[in-house]
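**Student:** predicted model follows, preceded by the sequence.
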Amino acid sequence: MDSVAVFFHMGGYAFFVWTSYALTAVLLMGIVLWSSFQFRKSQQQSFKRALQHQARRQK
């Protein structure tokens, strides 16, 4: 059990190490969410353009 405490203490640098891990995780999740939003937006725009193109061809 002592080795686990030593691991989490990280030689006195635990605050900086765990903060950097947390910040990295938050940034990666932000990138995933932003990319997902942009992908859906792009899909909707493409679908809208395809419908407009199809409507023009039918006239």
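**Tutor:** Good, I have the coordinates. Residues are numbered from 1 along each chain as shown.
**Student:** off-centre distance for stretch 2-10?
**Tutor:** Relative to the centre of its chain, stretch 2-10 is centred 30 Å away, using CA atoms, centre = their mean, to the nearest Å.
**Student:** now do stretch 47-58
**Tutor:** On CA atoms, centre = their mean, the centre of stretch 47-58 falls 32 Å from the chain's centre.
**Student:** again with stretch 12-23
**Tutor:** 20 Å.
**Student:** try stretch 52-59
**Tutor:** For stretch 52-59, the distance to the chain centre is 37 Å (CA atoms, centre = their mean).
**Student:** report the buried residues of that stretch.
**Tutor:** Under the neighbour-count criterion of 16 or more other CB atoms under 10 Å, stretch 52-59 has nothing buried. C-betas here are computed from N, CA, C, even on glycine.
**Student:** let's have the chain start at 23 instead
**Tutor:** Shifting the count to begin at 23 puts that one at stretch 74-81.
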